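> 3D model of this:
(chains A, B, C and D)
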Protein chains: 2
Amino acid sequence: MVESSEEKKRISESTIHRLSIYYRALSLLEKEKHETISSKELAKREKLTPAQVRKDLSFFGSFGTRGLGYNVVELKQKIAGILGINRQWRVALIGLGNIGSALVSYKEFVRQGFNIMKLFDNDQRKIGSNHKGIIVSDIKNLESELKEANIEIVIIAVPATVAQYIVDNVVEAGVKAILNFAPINLRVPPDVYLRNENMSMELEYLSFAMVNNHTPKRVKI
Amino acid sequence: MVESSEEKKRISESTIHRLSIYYRALSLLEKEKHETISSKELAKREKLTPAQVRKDLSFFGSFGTRGLGYNVVELKQKIAGILGINRQWRVALIGLGNIGSALVSYKEFVRQGFNIMKLFDNDQRKIGSNHKGIIVSDIKNLESELKEANIEIVIIAVPATVAQYIVDNVVEAGVKAILNFAPINLRVPPDVYLRNENMSMELEYLSFAMVNNHTPKRVKI
DNA sequence: TGTTTTATGTGAAATGGTTCACAAATAAAA
DNA sequence: TTTTATTTGTGAACCATTTCACATAAAACA
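Numbers count the residues shown, from 1 in each chain, chains lettered A, B, ... in the order given. Just a heads-up that it's a prediction; the model follows:
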């Protein structure tokens, strides 16, 4: 069964996140020269269940061989296709503070086809400077430069106080996907995808777990 | 009803993450001088449902007043207590690459009581240098210095290739909570809490959503 | 070639999480 | 005070996700 982008099957967020996990595991397996992998072995490696692995994949097709398992290279490519990372994405990053600066050099992004092509900041000392081969643009020119560079995804790494204002401009420029690192809940129109990255949240989870002797059934997906 | 740390109620991960969200929202409401907030209004602000807010809180007690809502300051303190962020945590950070360096200056951590007291790296050029008032230690002395400083939480920001080795040492030093930024699945004993922060995952979700015209019912908690 | 073993793919059952709906309690208004 | 309007707290209903269990198919072996 082949997935078409028209059919609005409800794939859960957890399934999509696990696909990311499978992809990463398969990349490693490829390096380790494994030719095939069973759902059992893949599950064991990532602390999941074999049924979960098979069920997740079954939403998108049947990629395995009974009695053998999955071909590592082939499954990796299939998942890349499902996740849309078998192509290059044009990304802009706004805000070159601590987090922003770190993300410019984050190799994992490039490895998955997320190419940061544009950098923006409002600080005169940063504007015009060169970060990893990219000249930092003035935030004043945000809208026109986002359009001009055909940016598809924007990463927000500005202070919470100005994040909503920036996002409004990004939306105005026609960008449909935003990854937000500012610790605030942003408003976007319904046709814009917004995801939040909250780095304190997992520390808070650890804190909660320790204080409450929490016993989770299994690790977070 | 009061929560005791002995009773092993199964609180879902989602509930805990939403408590983080409520806490953040309440901090903002406090600044904005709101005295009380209803579940309806809080839900609206964070794109959740009123029933969800009330149900989440009900697992830990009844903190509201019927006909009025919740007292902002009081509820914030209650949640801080539940999450264990009404105290200070002694944190160490290992790896001063891009991500590690950014995290040292991440104000959100300090604001929630997560104090980075120790920094470790294996690079001779970094060892002995001063980051935000902390002298970088040699990773060779990891175990003894973690113990000596009574570190409770360790943040791993080293390359994936060495992460497991480092974690084994951290566990050996008796640390029971680890936040991992390396893109790899780490093994820890069952009594050690491990959480993973995977910054590519949310970009992959955006990519998936765009390629598949995905229509999530609501935004990620 | 036939038999045994392994492992997938998937309905169905079980589990877990969210939303509903309403009694109870308090605030606000009359 | 009494009435009306709000809003909480929570079982029960509903919905989503995970796990089970097994038919099916291919591989491995005899």
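> Do a quick rundown of the helices in chain A.
Secondary structure of chain A by DSSP state H: the helices cover A:13-31, A:39-45, A:50-58, A:72-83, A:98-104, A:107-111, A:142-148, A:160-172, A:199-212.
> For residue A:198, grab the count of nearby residues.
Other residues within reach of residue A:198, judged by other CB atoms under 10 Å in any protein chain shown, total 20. Quick note: C-beta positions are derived from backbone N, CA and C, even for glycine.
> mind listing what's buried in the longest strand seen in chain A?
Counting by DSSP state E, the longest strand found in chain A is strand A:114-121. For strand A:114-121, the neighbour count (16 or more other CB atoms under 10 Å in any protein chain shown) marks A:114, A:116, A:118-121 as buried.
> Remind me what that strand packs against, helices and strands.
For strand A:114-121, the packing partners by 3 or more CB pairs under 8 Å, 6 or more residues apart in numbering or on different chains; DSSP states H and E come out as strand A:89-94, helix A:98-104, strand A:134-138, helix A:142-148, helix B:199-212.
> What strands line up against it, and which way round?
Using DSSP bridges, the strands paired with strand A:114-121 are strand A:89-94 (parallel), strand A:134-138 (parallel).
> quick one, phi/psi of residue A:95?
The phi/psi pair for residue A:95 (degrees, to the nearest 10) reads phi 100, psi 110.
> can I assume it is in contact with residue A:158?
Yes - the pair formed by residue A:95 and residue A:158 meets the contact definition of CB atoms under 8 Å, at 3.7 Å.
> Now do the shared contacts for those two.
residue A:166 (CB atoms under 8 Å, 6 or more residues apart in numbering or on different chains).
> out of the two, which sits in the busier spot?
Set residue A:95 next to residue A:158 and count neighbours by other CB under 10 Å: residue A:95 wins out with 26 against 23.
> Could you report the pLDDT at that one?
pLDDT, residue A:95: 98.
> okay, now residue A:126: neighbour count?
Per other CB under 10 Å, the neighbour tally for residue A:126 reads 19.
> any idea how far residue A:96 is from it?
5 Å (CB to CB, to the nearest Å).
> re earlier: any chance of the helices of chain A in a markdown table, with mean pLDDT too?
Listed next are the helices of chain A as a markdown table, based on pLDDT from 0 to 100:
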| stretch | mean pLDDT |
| --- | --- |
| helix A:13-31 | 98 |
| helix A:39-45 | 98 |
| helix A:50-58 | 98 |
| helix A:72-83 | 98 |
| helix A:98-104 | 96 |
| helix A:107-111 | 95 |
| helix A:142-148 | 98 |
| helix A:160-172 | 98 |
| helix A:199-212 | 97 |
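> Tabulate the ones you listed in JSON lines, adding columns for distance to residue A:181.
Formatted as JSON lines, those follow (distance: least, CB to CB, whole Å):
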{"stretch": "helix A:13-31", "distance to residue A:181": "18"}
{"stretch": "helix A:39-45", "distance to residue A:181": "29"}
{"stretch": "helix A:50-58", "distance to residue A:181": "28"}
{"stretch": "helix A:72-83", "distance to residue A:181": "21"}
{"stretch": "helix A:98-104", "distance to residue A:181": "5"}
{"stretch": "helix A:107-111", "distance to residue A:181": "13"}
{"stretch": "helix A:142-148", "distance to residue A:181": "17"}
{"stretch": "helix A:160-172", "distance to residue A:181": "9"}
{"stretch": "helix A:199-212", "distance to residue A:181": "8"}
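> Put together a markdown table for those, with distance to chain B and mean neighbour count on each row.
Converted to a markdown table, those look like this (distance: least, CB to the nearest CB, whole Å; neighbours: other CB atoms under 10 Å in any protein chain shown):
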| stretch | distance to chain B | mean neighbour count |
| --- | --- | --- |
| helix A:13-31 | 5 | 20 |
| helix A:39-45 | 7 | 18 |
| helix A:50-58 | 13 | 17 |
| helix A:72-83 | 5 | 20 |
| helix A:98-104 | 4 | 22 |
| helix A:107-111 | 5 | 15 |
| helix A:142-148 | 16 | 16 |
| helix A:160-172 | 9 | 17 |
| helix A:199-212 | 3 | 22 |
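> Make TSV out of these and add distance to DNA strand D.
Shown next, in TSV, are the helices of chain A (distance: least, CB to the nearest atom of the strand, whole Å):
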stretch	distance to DNA strand D
helix A:13-31	4
helix A:39-45	9
helix A:50-58	4
helix A:72-83	13
helix A:98-104	28
helix A:107-111	24
helix A:142-148	32
helix A:160-172	25
helix A:199-212	17
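> For residue B:109, find the nearest of those helices.
helix A:199-212 (6.4 Å; CB to CB).
> now that closest one against strand B:89-94, angle please.
Taking axes from the mean of the first three to the mean of the last three CA atoms, to 10 degrees, one finds helix A:199-212 and strand B:89-94 inclined to each other by 130 degrees.
> Mind giving me the packing neighbours of helix A:199-212?
By 3+ CB pairs under 8 Å, 6+ apart, helix A:199-212 packs against helix B:13-31, helix B:72-83, strand B:89-94, helix B:107-111, strand B:114-121, strand B:153-156, strand B:177-180, strand B:193-196.
> Please convert those to a markdown table, extending it with distance to DNA strand C.
Shown next, in a markdown table, are those (distance: least, CB to the nearest atom of the strand, whole Å):
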| stretch | distance to DNA strand C |
| --- | --- |
| helix B:13-31 | 4 |
| helix B:72-83 | 13 |
| strand B:89-94 | 25 |
| helix B:107-111 | 24 |
| strand B:114-121 | 25 |
| strand B:153-156 | 24 |
| strand B:177-180 | 21 |
| strand B:193-196 | 16 |
